[in-house]
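Asks: Provide a 3D model corresponding to the input given below.
(one chain, ligands or ions: 1)
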Amino acid sequence: MEIGPLSTSQRSAAVALWHEAGLVVPWNDPCADLERALAGPSSAVLAGTLDGSLVTTAVVGHDGHRGWVYYLAVAPSARGRGYGRAMMDTCERWLADRGVPKLNLMVRASNDAVLGFYEALGYGRDEVVVMSRRLG
Ligand SMILES: CC(C)(COP(=O)(O)OP(=O)(O)OC[C@H]1O[C@@H](n2cnc3c(N)ncnc32)[C@H](O)[C@@H]1OP(=O)(O)O)[C@@H](O)C(=O)NCCC(=O)NCCS
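Replies: Numbers count the residues shown, from 1 in each chain. Sure thing, here's the model as predicted:
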């Protein structure tokens with residue numbers, strides 16, 4: 001698998017993968033999220049391609065202080081082969097190359113499978129409460 005910037009021709013496959021991976025919620029528009037991440041100066045959409053097919057994606061970005069990863073997904077048929085770990089390694093390098101000292105993740109507390117994955121990669125749970133308010 002080769003990881004690099006998502007190409008224009010892979011955009012619809014990325015959104016399809018996010019739907020397939022259960023990452024799309026009614027209150028977020030994945031196409032708008034994708035366009036914003038591609039357009040922003042401090043974000044990127046990364047794609048892992050195997051034999052011409054998109055097998056993994058992630059949106060990575062930072063605010064100068066903390067880095068964030070969203071839309072990490074591996075195609076269901078390609079899971080359990082280390083591609084999720086490889087994509088997270090690439091996101092970490094992307095942030096480290098830009099001088100960002102820390103990567104934060106938001107995972108639903110009920111999502112035990114994904115919490116197990118991130119713990120296997122060395123991520124710990126912080127004692128913080130995330131608060132939010134929708135704008136507009
Ligand atoms: C989460 C996800 C990205 C993992 O991708 P993957 O390619 O299957 O994961 P990997 O094969 O790279 O696994 C990496 C390590 O995590 C471990 N792991 C994975 N799930 C685990 C779990 N539930 N509990 C413990 N360890 C786990 C693996 O055993 C592996 O360990 P190793 O490298 O020491 O062998 C994938 O399941 C997915 O796309 N899920 C749906 C989308 C999603 O929920 N994304 C996250 C949004 S917050």
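
Asks: for the rest of this, base every contact and every neighbour count on C-alpha atoms.
Replies: OK.

Asks: so what's Val65 closest to, chain neighbours aside?
Replies: In this structure residue 65 is His, not Val. Val100 (6.1 Å; CA to CA, 6 or more residues apart in numbering).

Asks: so that neighbour sits right up against Gly61, yeah?
Replies: No: in this structure, Val100 sits apart from Gly61 without contact. The criterion is CA atoms under 8 Å, and the distance is 9.8 Å.

Asks: between those two, what contacts are shared?
Replies: Among the neighbours of Val100, those also in contact with Gly61 (CA atoms under 8 Å, 6 or more residues apart in numbering) are Gly67.

Asks: need the residues of the protein near the ligand, please.
Replies: Contact residues, the chain versus the ligand (CA under 6 Å from any ligand atom): 21, 71-74, 79-85, 107, 113-114, 116-117, 120.

Asks: quick one: which of those sit in strands?
Replies: Using DSSP state E, the members of the residues of the chain next to the ligand that fall in strands are 71-74.

Asks: buried set for the helix or strand containing Leu38?
Replies: Using DSSP states H and E, Leu38 falls within helix 30-39. Neighbour counts over helix 30-39 (16 or more other CA atoms under 10 Å) mark 30, 34, 37-38 as buried.

Asks: and if you look at stretch 67-83?
Replies: Neighbour-count burial for stretch 67-83 [16+ other CA under 10 Å]: 67-75, 83.

Asks: equivalent analysis for stretch 47-55, please.
Replies: Taking 16+ other CA under 10 Å as the neighbour-count basis, stretch 47-55 is seen to contain the buried residues 47-49, 54-55.

Asks: any weak-confidence spans in this protein?
Replies: Low-confidence regions of the chain, defined here as pLDDT under 70, do not occur.

Asks: in it, which strand is the longest?
Replies: Among the elements of the chain assigned as strand by DSSP E, the one spanning the most residues is strand 53-62.

Asks: sheet partners, orientation included, of that strand?
Replies: strand 43-50 (antiparallel), strand 67-74 (antiparallel) (DSSP bridges).

Asks: fine, thanks again, bye for now.
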